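Colleague: the following comprises the amino acid sequence and a computationally predicted model.
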Amino acid sequence: MTCVLTASCSLFGSSSGGGNADLERTILRIGVAQVVDVAPLRIALTDKLFEKHGLQVNLVSQTNESDAINQLDTTLDITWATHVSFFRAVAGGKELQLQGEAYQAGPNSMALVTNATSDYDDPGKRPAPSIAVNSDTDIGSLTTKAVLDTAAVEKNKIKFRPMPFGEMENALKSGSVDAAFMIEPFITKAQRNIGAKILTDTARGPTLDFPMSGYASSKKFADANPKTLKAFRDVLREAQQRAQANKLAVQDSLTSYADVDAPTAALVSVGTFPLSLNPIRLQRVADMMDTEDVLSGRLDVQQLLPPGTTN
């Protein structure tokens with residue numbers, strides 16, 4: 001885990017005169033991963049959007065979403081994670097408040113991929129496929145089951161093999177798995193590195209335009225810092241707008257944090273960056289988790305949103 005201080009203002013005030021006097025605190029520690037989803041935060045840092053709102057931001061690299069969520073109120077104030085991870089944490093007793101949506105799937109922004117020499121060329125071809133996922137309880141397993149179900153593959157016969165995204169290329173090459181669930185930029189990296197092929201887009205049918213990830217703080221932190229978090233959400237919205245309007249800027253930003261070169265970044269598929277927390281959209285994730293027995297009952301997402309958030 002490494003901390004990168006990339007947006008700053010004086011500890012005693014904002015250098016831009018951007019009105020931080022009313023904020024409960026001016027420093028935020030935000031957990032992030034090496035994924036396309038967080039590109040708007042990088043754009044916000046480059047364009048000094050946080051400074052305009054009197055905020056100093058430390059981005060803290062994370063490799064495990066559950067660990068990041070558990071670090072809230074200790075080493076992190078806000079963290080990025082999939083909605084599936086957040087909702088599972090809430091079901092397990094964590095008191096969280098969602099602070100923003102990060103990313104919504106677009107074509108081939110999450111997919112099942114196979115090795116170049118694999119004959120697994122149709123989702124229904126393997127009755128009991130072995131699938132690499134970053135977690136067998138996260139968005140990969142959830143959307144894979146939904147998509148393979150439409151190809152008449154029985155969900156209970158899928159063999160999930162949890163591993164970090166960075167290890168999936170070798171697993172495909174060795175043949176230890178039939179396919180791997182990947183997100184960007186790992187899909188494009190695998191295509192360029194080992195000639196990986198897309199078996200199926202996992203944002204299709206029941207998972208079309210699927211809400212993938214977001215940002216959350218603890219409920220305790222949210223209750224104590226409403227103005228600070230409102231400033232964060234304002235910055236995030238502007239950054240998401242800029243990212244949505246300029247996909248090239250998103251691809252360019254990947255070279256600074258996602259271990260990809262410029263030619264690879266230029267090929268990365270980019271989805272949608274939502275501009276607001278939408279309870280109807282997010283309820284779709286919770287309801288699918290309930291249907292797939294990832295949750296033991298229906299989770300009311302509205303309860304996790306900041307006060308006054310209705311659309």
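Modeller: All right, it came through fine.
Colleague: make it CA atoms for all contacts and neighbour counts henceforth
Modeller: OK.
Colleague: tell me the SS of residue 288?
Modeller: helix (DSSP: H, G, I helix; E, B strand; the rest coil).
Colleague: repeat that for residue 60.
Modeller: strand.
Colleague: count of neighbours near it?
Modeller: 20 (other C-alpha atoms under 10 Å).
Colleague: show me the beta-bridge partners of it.
Modeller: In this entry, residue 60 is beta-bridged to residue 3, residue 31, by DSSP bridges.
Colleague: how close does it get to residue 42?
Modeller: For residue 60, the distance to residue 42 equals 12 Å [C-alpha to C-alpha, to the nearest Å].
Colleague: looks to me like residue 299 is in a helix.
Modeller: No - counting by three-state DSSP, residue 299 is not part of a helix but coil.
Colleague: check whether it really touches residue 287, as I assumed.
Modeller: Yes - Residue 299 is within contact range of residue 287, at 7.4 Å (criterion: C-alpha atoms under 8 Å).
Colleague: joint contacts of these two?
Modeller: When C-alpha atoms under 8 Å, 6 or more residues apart in numbering defines a contact, no residue borders residue 299 and residue 287 alike.
Colleague: any idea which element the closest residue to residue 275 other than its chain neighbours lies in?
Modeller: Ranked by C-alpha to C-alpha, 6 or more residues apart in numbering and with sequence neighbours excluded, the top spatial neighbour of residue 275 is residue 237, at 5.2 Å. According to DSSP states H and E, residue 237 maps onto helix 226-245.
Colleague: for residue 198, which residues make a bridge with it?
Modeller: Judged by DSSP bridges, the bridge partners of residue 198 are residue 113.
Colleague: so what's it scoring on pLDDT?
Modeller: Looking at residue 198, its pLDDT stands at 97.
Colleague: which other helices and strands contact the helix or strand containing residue 249?
Modeller: Using DSSP H and E, residue 249 sits within helix 247-254. On a contact count with 3 or more C-alpha pairs under 8 Å, 6 or more residues apart in numbering; DSSP states H and E, helix 247-254 meets helix 39-46, helix 262-265.
Colleague: tell me the contacts of the closest residue to residue 115 other than its chain neighbours?
Modeller: If you skip the residues right next to it in sequence, residue 115 has residue 196 as its closest partner in space, 4.7 Å away by C-alpha to C-alpha, 6+ apart. Residues near residue 196 by C-alpha under 8 Å, 6+ apart: 113-116, 187, 190.
Colleague: most neighbours among these, which one is it?
Modeller: residue 114 (31 neighbours).
Colleague: what about the strands in the chain?
Modeller: 3-7, 27-32, 56-61, 78-82, 96-104, 110-114, 130-133, 159-162, 179-183, 197-201, 211-218 (DSSP state E).
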